[in-house]
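In: Curious how this folds, go ahead:
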Amino acid sequence: KMGPYPHSTGVYDVDSVGLLNVVSGFNHGIDPAGKEMPERTRFVCATGAEPAALDYDRELRRLEMKRDAGAHVVMTQPVYDPYKVERFLDDTAELGLPVMLGLCPLASHRNAMFLHQNVPGMQVPDYILERMKAADARGAGQAEGVAIAREALQAVRHRVQGAYIMPPFGRYKVAMAVLDGLL
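Out: Numbers count the residues shown, from 1 in each chain. Okay, the predicted model is just below:
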């Protein structure tokens, strides 16, 4: 209701697969109505995937649909269980899409609990919660969160084509600490 388009509607017209189809069409010079555009776009079509999805088989089927709709690269949700990341990489290798690992360094035990309990798609294993609780008791929660993110990246570094880091509360120095010594 704000800005120059007060009559615009919510973004429920298409889902992620539909949006990839639209953008892929733009890249081929075709608009959503099927009309030829004067120029093609050159968007990189990235898509999300959740390696720890509760309905894992559905997530894999949707990722295949996203690839077929024009996805060029997969960006994972942050995952704190290395087994789930390895399983996801094994199960998606045949799709032929580069994978960027999502990392979200934990800031504290409280932050980890919030993500685990309140953010869809975020599952923090019990052993990580315990590590964060012990680290908080030592006053080293943020440092432990960085260590956990570094370990996750190190574990699959040879299998992914990149990583992206979402530092908590916009703390860019935390993102740099995850990469320190890895580059």
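
In: Low-confidence regions, this protein specifically.
Out: For the chain, applying pLDDT under 70 flags the ranges 1-11.

In: so what does the longest helix along the chain touch, helix or strand wise?
Out: Criterion DSSP state H: the longest helix present in the chain is helix 141-156. Other helices and strands packing on helix 141-156, by 3 or more C-beta pairs under 8 Å, 6 or more residues apart in numbering; DSSP states H and E, are helix 82-92, strand 99-103, helix 109-118, helix 126-137, helix 172-179. C-beta coordinates here come from the backbone N, C-alpha and C atoms, glycine included.

In: can we see that at 7 Å?
Out: Packing partners of helix 141-156 (3 or more C-beta pairs under 7 Å, 6 or more residues apart in numbering; DSSP states H and E): helix 82-92, strand 99-103, helix 126-137, helix 172-179.

In: Mind listing what's buried along the longest one?
Out: It refers to helix 126-137. 128-129, 131-133, 135-136 (16 or more other C-beta atoms under 10 Å).

In: and if you look at the first one?
Out: Buried residues in helix 82-92, defined by neighbour count with 16+ other C-beta under 10 Å: 84-85, 88-89, 92.

In: The last one too?
Out: In terms of neighbour count (16+ other C-beta under 10 Å), helix 172-179 has its buried residues at 174-175, 177-178.

In: Can you tell me how far E144 is from L179?
Out: 17 Å (C-beta to C-beta, to the nearest Å).

In: cool, L106 as well?
Out: Taking C-beta to C-beta as the measure, L106 falls 16 Å from L179.

In: Q117 now?
Out: Applying C-beta to C-beta to Q117 and L179 gives a distance of 29 Å.

In: One more: M100?
Out: Taken as C-beta to C-beta, the span from M100 to L179 is 14 Å.

In: same question, C104
Out: In terms of C-beta to C-beta, C104 sits 14 Å off from L179.

In: Could you do L54 as well?
Out: Taking C-beta to C-beta as the measure, L54 and L179 are separated by 31 Å.

In: Next: R171.
Out: R171 is 14 Å from L179, by C-beta to C-beta.
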